[in-house]
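[1] Mind folding the following:
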Amino acid sequence: MQIEQASGGRQAQLPLPIEVIEQIIQHLSIPSSFGDPASQKALVSLSAVNRIFRFLALSALYQVVVLPRHVRDFRKWIERVKLDDQHQTRFRCAGHTRALFSGLDDVSRITYQSAGWESQLLRLLHHCGSTLTHLSLWNAESRVVLRDPSQVRGGRRFGVEQPLWSWGENEARDVLDDEERQRAEAAEAEAASEREKADMPRWLRAEFERKGPSEVWKSHAAHVMPDRIKRATSKGCRPTHLSIVIALPIFENEDREIFGRMVIWTRVEELDVHVPTPSQVVPVLRLLSTLHRSPLRRLRVSSVHASLSICVLDDRCQVHDQGHRPNVARVLSQLVEKEPTREAIKYEFSGRFADDVQKLQSSLVRHALDQDAVTNGSLKIKVRQGNQGVWGKLKDRLWDFQERVHSLSDGAWDLT
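    You can find the predicted model right below:
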């Protein structure tokens, strides 16, 4: 009787189609990103089935990452996701993370055991930068990234030219030209492929020799699918949607010639900046006006008393004779270089509000259009007065991050 029940149980356990597994994993991804422990445990269990399940489960588990608040918990989390290689340290979440939120409490000055988290954070951003699109940093993390000398290719160090540094690594690397970089990438990909083949079981290597790669990929996809996934070469952390806190000084990178060439701004399209000190708003705006090389189309700057949002509408943009699209940085440079508009913005951020905010917004748009920074009808400027210091608080920044990442609302970008 027991044998019959056991055989019947084995017959009832039919394998599920891969489409059903994908739907299950997708269903678990959203509660996992909000910190649901049951969903996270289920995804970890699914990642141990085979290679396809592992890739899908880890993608869902690490697609949206909210780092722990306390530094000790952050360092424990780093140890869990770290993969020690012979040559360098990699992370299990690398290649899967598209959105990352960090709100660490910097207690390194108080507790000796918490010191050293800066290099771990920079190394994490470096390895996850190839797939990262949404990044939100709080006070301490923003300061670490903005003061990092490796942010600038060939950046200066106390007036002395330095070679390019890889994020989070202690060894300097010379800048390679395009041909040398391509050869290095090809050699690295070939070495990775050889390591994958060395880890294969004998029967799978025999199948490769007998049938060829194409047939094996079809018949044994669960064992070789990750080999077909193209590994993106990391070029540093270059998000398209960035929320950051800027507090001066940032030392060498505060130079306007250097600030605009930082790696973090390379691909940014939407930039949300919070300035805790109102008197530093105008100097920060001058720095942001140097981001001409970035494809910046939306900019939001907030402080204690007010916030300024500048948006260039893509559907109405026209390419200028120089061959580039209108950029928010060019609009901002027109506003901060003119004394009337600069003083008006300074008064707003210092708490001396204009009586008619609609008139102020129209005046800012008119001054920007005078210099042909954008075409008529393609620019929108929004000024909010009062109670804007909330965007420097952790809970409000986390709410804005989750709303934007999951496409629930515009969050702090509500321009209505």
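[2] buried stuff in stretch 29-44?
    Buried positions in stretch 29-44, judged by neighbour count with 16 or more other CB atoms under 10 Å: 29, 32-33, 39-40, 42-43. C-beta: built from backbone N, CA, C; applies to glycine.
[3] Out of these, flag the one nearest to Asn50.
    Sorting the buried residues of stretch 29-44 by how near they are to Asn50, with CB to CB, puts Leu43 at the top with 14.5 Å.
[4] hang on, that closest one packs against His27?
    No - using CB atoms under 8 Å, Leu43 is not in contact with His27; the gap is 10.6 Å.
[5] The buried residues of stretch 29-44 into TSV, with extra columns for secondary structure and pLDDT?
    Rendered in TSV, the data for the buried residues of stretch 29-44 read as follows (DSSP: H, G, I helix; E, B strand; the rest coil; pLDDT from 0 to 100):
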residue	secondary structure	pLDDT
Ser29	helix	88
Ser32	helix	89
Ser33	helix	86
Ser39	helix	91
Gln40	helix	89
Ala42	helix	90
Leu43	helix	90
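[6] from these, which two are the most distant?
    Put simply, by CB to CB the two of these set farthest apart are Ser33 and Ala42, 13.6 Å from each other.
[7] Report the central residue of this protein.
    Taking CA atoms, centre = their mean as the criterion, Leu135 is the residue nearest the geometric centre of the chain, at 3.5 Å.
[8] just checking, what packs against the helix or strand harbouring that residue?
    Per DSSP states H and E: Leu135 is located in strand 134-137. Using 3 or more CB pairs under 8 Å, 6 or more residues apart in numbering; DSSP states H and E as the contact definition, the elements that strand 134-137 packs against are strand 99-102, strand 241-245, helix 394-405.
[9] So what's the gap between it and the chain middle?
    In terms of CA atoms, centre = their mean, to the nearest Å, the centre of strand 134-137 is set 5 Å apart from its chain centre.
[10] Pairing partners for it, with directions?
    For strand 134-137, the paired strands and their directions (DSSP bridges) are strand 99-102 (parallel), strand 241-245 (parallel).
[11] which element follows it toward the C-terminus?
    Going down the chain from strand 134-137, the next helix or strand is helix 139-146, by DSSP H and E.
[12] could I get that following helix in PDB with only the CA atoms?
    Output in PDB follows, covering the C-alpha atoms of helix 139-146 (Å, rounded to 0.1, in the frame of the first residue of the first chain):
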ATOM      1  CA  ASN A 139      23.800  62.000   2.200                       C
ATOM      2  CA  ALA A 140      26.800  59.800   3.000                       C
ATOM      3  CA  GLU A 141      26.800  57.800  -0.200                       C
ATOM      4  CA  SER A 142      26.300  60.900  -2.300                       C
ATOM      5  CA  ARG A 143      29.300  62.500  -0.700                       C
ATOM      6  CA  VAL A 144      31.400  59.300  -1.200                       C
ATOM      7  CA  VAL A 145      30.600  59.100  -5.000                       C
ATOM      8  CA  LEU A 146      30.900  62.900  -5.700                       C
END
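[13] model confidence over it, on average?
    Summarised as a single mean, pLDDT over helix 139-146 is 92.
[14] same deal with stretch 103-110?
    Taken as a whole, stretch 103-110 has a mean pLDDT of 68.
[15] Next: stretch 334-347.
    Over the span of stretch 334-347, the pLDDT mean works out to 92.
[16] when you give positions from now on, start the count at 39
    With 39 as the first residue, the last one maps to stretch 372-385.
[17] in it, what's buried?
    Using 16+ other CB under 10 Å as the burial criterion, the residues of stretch 372-385 that qualify are 372-374, 376, 379, 382-384.
[18] Can you tell me what sits against that stretch?
    Counting contacts by CB atoms under 8 Å, 6 or more residues apart in numbering, the residues outside stretch 372-385 that touch it are 319-320, 323-324, 327, 346, 391-392, 398, 401-402, 405-406, 408-409, 411.
[19] And the helices in the stretch 189-338 of the chain?
    Secondary structure of the stretch 189-338 of the chain, counting by DSSP state H, counting those that start in this stretch: helices at 216-236, 240-249, 251-257, 259-266, 294-297, 319-326.
[20] which stretch in those has the least confidence?
    With a mean of 54, helix 259-266 has the lowest mean pLDDT of the helices of the stretch 189-338 of the chain.
[21] Buried residues, stretch 387-395. List them.
    The neighbour-count criterion (16+ other CB under 10 Å) identifies 387-388, 391-392 as the buried residues of stretch 387-395.
[22] Now do that stretch: distance to the chain's middle.
    Stretch 387-395 sits 34 Å away from the centroid of its parent chain (CA atoms, centre = their mean).
[23] thinking again about what came up before, between Leu81 and His65, what contacts are shared?
    Common neighbours of Leu81 and His65 are not found (criterion: CB under 8 Å, 6+ apart).
[24] ok so, going back, which one of the strands paired with strand 172-175 lies nearest to His258?
    The closest of the strands paired with strand 172-175 to His258 is strand 137-140. By CB to CB, the value is 33.1 Å.
[25] In PDB, list the C-alpha atoms belonging to that closest one.
    Output in PDB follows, covering the C-alpha atoms of strand 137-140 (Å, rounded to 0.1, in the frame of the first residue of the first chain):
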ATOM      1  CA  ALA A 137      17.400  49.900  -9.600                       C
ATOM      2  CA  LEU A 138      19.300  50.500  -6.300                       C
ATOM      3  CA  PHE A 139      18.400  52.600  -3.300                       C
ATOM      4  CA  SER A 140      20.800  53.400  -0.500                       C
END
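[26] so where do the helices sit in the stretch 39-188 of the chain?
    With helices called from DSSP H, counting those that start in this stretch, the stretch 39-188 of the chain shows them at 40-50, 56-71, 75-84, 89-100, 109-119, 155-166, 177-184.
[27] Which of those helices sits closest to Arg276?
    Distances from Arg276 to each of the helices of the stretch 39-188 of the chain were compared using CB to CB; the minimum, 9.9 Å, belongs to helix 155-166.
[28] Against which helices or strands is that closest one packed?
    Other helices and strands packing on helix 155-166, by 3+ CB pairs under 8 Å, 6+ apart, are helix 109-119, strand 127-129, strand 137-140, helix 177-184.
[29] Counting neighbours, which bits of that helix end up buried?
    Neighbour counts using 16+ other CB under 10 Å place 155-156, 158-166 of helix 155-166 among the buried residues.
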